[in-house]
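Asker: next input, structure requested:
(one chain, ligands or ions: 1)
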Amino acid sequence: MKRLEGKIAVVTGASSGIGETTAKVFAREGATVVVVARREERLRKVVADIEAAGGAADLVVADLATLAGCEKTVDEVIAKFGRIDVLVNNAGIPDRHMPTTRTSDELWNEVIAVDLTGVFHLCRAALKHMEARSYGSIINISSIGARGLAGAAYSSAKAGLIALTRNIAIQFAGKGIRCNATLPGPTPTELNTPEALAGFDKEMPGITARHFDLSVPEATTEDQAAAILFFACDESKAMTGQCLTVDNGATL
Ligand code: NAP
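Answerer: Residues are numbered from 1 along each chain as shown. Below you'll find the predicted structure:
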C-alpha cells in the first residue's frame, strides 16, 4: 500500500526545488498532487514528469503573496477534486540575509507576504474544508532561519510559521486535523545558487555562519521531501504541532 494512496495533496512552490521533489515523491506514493506557483511553464513540466512516471497531477497558477491567489488556489482544488487531504505550504522567498538595520519596509513586506501571510491565508481557506470532513494534514516549511540565522524578515516569517503551526495544531488536536512543520537546513535549490547568493548582504551571512556547523554536508531536496512525506501520511497520525529539523545536524 502506497503511503498517500487516494489522497488529494496540494504542494505550493512546486515549480522548483524542495516543492518540486516533494510533489514527485507524493505522486509516487499514490497522491493526486496539485502543484502551485507563479511560473506556469515550470508547473506544466512538473505535471508532465509526474504523469510520465504514471502519477496523477494538476496545477494552479497563483501568486500566493495575495489573498486572492491563496483563495483561488483552494477554490480551484475544491471545485475540481472536492477536498484537500494534505496541504504543503512550501512556497517561499529569501530576504538576501538582510539584517534589521538594512531591511527596507518594501523587503520586509514582500517577504512576510509570501513566507508568513500567504501561509496563513492558505491554512485558513483550506481548514474550512478540512474541518467539514474532520481530516487533513498541513505541513508548513519553516527553516533553521527561524532561530534568527538568516535576515530579519525571513527569520521572523519562518519563526512565525512555527507559532502558526502550533496554534493550528492546538485548535484541532484530537479532531482529525494535524499541522506540523519542517525546518530545512541548507539545501541546494534555486534559492541559493551562486547567482542568488551574489545578491545577499555582504556581512550578515558570515555572522550567522558562526552559529552553525557548515562542515556537515548539505541536505538534499529528497531529504526534505522524506520529512514532509512523513508528516503528510498516517505514519505520523499521533503527531501534531511538531517541528522536524532536516539539516544533517548543522544546528545541533
Ligand atoms: P526555490 O526552488 O526557489 O522554490 C521556491 C518556490 O516558491 C518556487 O516554486 C516559487 O515558484 C515559489 N514561490 C515564490 N514566491 C511565490 C509566490 N508569490 N506565489 C507562489 N509561489 C511562489 O527554493 P526552495 O529552496 O525549494 O524553497 C522551498 C521552501 O524551503 C521555501 O519556503 C524556503 O524558505 C524553504 N527553505 C529552503 C532552504 C534551502 O536551503 N533551500 C532552507 C530552509 C528553508 P514561482 O517562482 O514559480 O512562483
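Asker: mind listing the helices for the stretch 1-150 of the chain?
Answerer: Assigned by DSSP state H, counting those that start in this stretch, the stretch 1-150 of the chain shows helices spanning 17-28, 40-52, 67-81, 105-112, 118-133.
Asker: so does the shortest one get close to the ligand?
Answerer: What that stands for is helix 105-112. No - taking Cβ under 6 Å from any ligand atom as the criterion, helix 105-112 and the ligand are apart, separated by no less than 9.0 Å. Quick note: C-beta positions are derived from backbone N, CA and C, even for glycine.
Asker: pLDDT weak spots in the stretch 101-250 of the chain?
Answerer: Low-confidence segments of the stretch 101-250 of the chain, defined by pLDDT under 70, are absent.
Asker: so which bits of it are right by the ligand?
Answerer: So the stretch 101-250 of the chain meets the ligand at Val114, Ile141, Ser143, Pro184, Pro186, Thr187, Thr189, Glu190, Leu191, Asn192 (Cβ under 6 Å from any ligand atom).
Asker: now the fifth one: closest residue in space, sequence neighbours ignored.
Answerer: The spatially closest residue to Pro186, leaving aside those adjacent along the chain, is Glu218, at 4.7 Å (Cβ to Cβ, 6 or more residues apart in numbering).
Asker: the one you found touches Thr187, doesn't it?
Answerer: Yes - contact criterion Cβ atoms under 8 Å: Glu218 and Thr187 qualify, at 5.9 Å.
Asker: show me which of the two is the more surrounded one.
Answerer: When Glu218 and Thr187 are compared for neighbours, Thr187 comes out ahead with 21 against 15, by other Cβ atoms under 10 Å.
Asker: let's verify the more buried one: helix, strand, or coil?
Answerer: coil (DSSP: H, G, I helix; E, B strand; the rest coil).
Asker: and it, its phi and psi?
Answerer: Dihedral angles of Thr187 (phi, psi; degrees, to the nearest 10) stand at phi -140, psi 120.
Asker: also the one 5 residues further on?
Answerer: Backbone dihedrals for Asn192, given as degrees, to the nearest 10, come out at phi -130, psi 40.
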